[in-house]
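A.B. asks: Provided below for reference: sequence and predicted model.
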Amino acid sequence: MSEQQSTTPLSGENAEYIELFLDSLFLEQGLSENTLAAYRSDIEKCALYIQTTFNKSLLAVESDHIEAYLAHRHDLGLKARSTARALSALKRFYLFFIREKRITSTPLLNIAQPKMAQSLPKTLTEQEVEALLDAPDLGDAMGLRDKAMLELLYATGLRVTELVGLRMEQINLRQAVVLVKGKGGKERLVPMGEEALHYIEQFLQVGRPQMVKHATDFVFPSKRGTGMTRQTFWHRIKHYAILAQVTSPLSPHTLRHAFATHLLNHGADLRVVQMMLGHSDLSTTQIYTHVASERLKSLHQQHHPRA
């Protein structure tokens, strides 16, 4: 169930606070439009509830008001993960205004994050990945493009947004590396491997000249010769999954999850995987050790005579 938006407009006071906070995130950390939109949504929902229920501004609330909002979310049946994200946004919001000396303390001080069951990312077996990577038709330019994109995605663990936004200057074919511009403007250098390198070179030599009708520096242009959207590429992945008869659940990050899990299955160091994925916190990467462990347990139960 989704949280209903109130028809009551935000007060000028609350709207001003939210804009100041979002401006600071954009200017100081260079967060993407999608991330800023998520912050805006979470904070505006809280502000509207506080405003209509208690007739207060966000900077005048106390812990009791926030607890009432959390109870309201619980009554709506909203998921703990969604509430945790909202609390995280509010925490940053109040820390910003403490730093600006507009308030002296945060109303979230004694409020605990909701407990969440650990959800493991959906991934694919190595055989399913092979089938998916073999699905594109290499006889046409678009199929060659898609093959190069899938190979690069699996070889590097890029986010789909990072993949479709790749520019020519970010690809170094001689050293077989990609300079990735990730979240918050952070850059990382990721090796692409021989298979991905081979198909990228093929696409750049044969396929891309057929697709590009006017100058563009996108590595993987759309069929119109412009930048591709992540939604378009996601539809391409689903198309190839059907062709490859891959029935496991898919998400836009499926190959990113497979990249990390398969690396760990083959003995890669967790910190190396963290660097390649562009995670700022090692705990974010550790989720993949659980995926690998679950896979090992499953294999043990299937094949060990005393399992």
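C.D. replies: Noted; the coordinates are in hand. Residues are numbered from 1 along each chain as shown.
A.B. asks: where does the stretch 101-250 of the chain have low pLDDT?
C.D. replies: For the stretch 101-250 of the chain, the stretches with pLDDT under 70 are 115-122.
A.B. asks: kindly recompute the last result at 90.
C.D. replies: Low-confidence segments of the stretch 101-250 of the chain, defined by pLDDT under 90, span residues 109-126, 129, 153-161, 180-193, 211-216, 222-227, 230, 247-250.
A.B. asks: all strands of it, in order?
C.D. replies: Along the stretch 101-250 of the chain, counting by DSSP state E, counting those that start in this stretch, strands occupy 171-172, 177-181, 187-191.
A.B. asks: who wins for proximity to F233 among these?
C.D. replies: For the strands of the stretch 101-250 of the chain, proximity to F233 was assessed by Cβ to Cβ; strand 177-181 is nearest, at 16.0 Å. (C-beta placed from N, C-alpha, C; glycine too.)
A.B. asks: what's the angle between the closest one and strand 187-191?
C.D. replies: 150 degrees (axes from the mean of the first three to the mean of the last three Cα atoms, to 10 degrees).
A.B. asks: in strand 177-181, what counts as buried?
C.D. replies: V177, V178, V180, K181 (16 or more other Cβ atoms under 10 Å).
A.B. asks: now these as CSV including distance to R224?
C.D. replies: As requested, those are exported to CSV (distance: Cβ to Cβ, whole Å):
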residue, distance to R224
V177, 29
V178, 24
V180, 25
K181, 23
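A.B. asks: which one of those residues is nearest A215?
C.D. replies: Nearest to A215 among the buried residues of strand 177-181: K181, at 20.8 Å, using Cβ to Cβ.
A.B. asks: please verify my assumption that that closest one contacts E162.
C.D. replies: Yes - if you go by Cβ atoms under 8 Å, K181 and E162 touch, sitting 7.0 Å apart.
A.B. asks: same question for the helix or strand that K91 is a member of, mean pLDDT?
C.D. replies: Assigned by DSSP states H and E, K91 belongs to helix 80-99. Throughout helix 80-99, pLDDT has a mean value of 91.
A.B. asks: which helices and strands does that helix pack with?
C.D. replies: helix 12-29, helix 33-54, helix 63-75 (3 or more Cβ pairs under 8 Å, 6 or more residues apart in numbering; DSSP states H and E).
A.B. asks: need those in TSV with mean neighbour count, distance to Q205 and mean pLDDT, can you?
C.D. replies: Converted to TSV, these look like this (neighbours: other Cβ atoms under 10 Å; distance: least, Cβ to Cβ, whole Å; pLDDT from 0 to 100):
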stretch	mean neighbour count	distance to Q205	mean pLDDT
helix 12-29	15	39	91
helix 33-54	17	34	93
helix 63-75	15	54	91
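A.B. asks: and T125, which of these is closest to it?
C.D. replies: helix 33-54 (30.3 Å).
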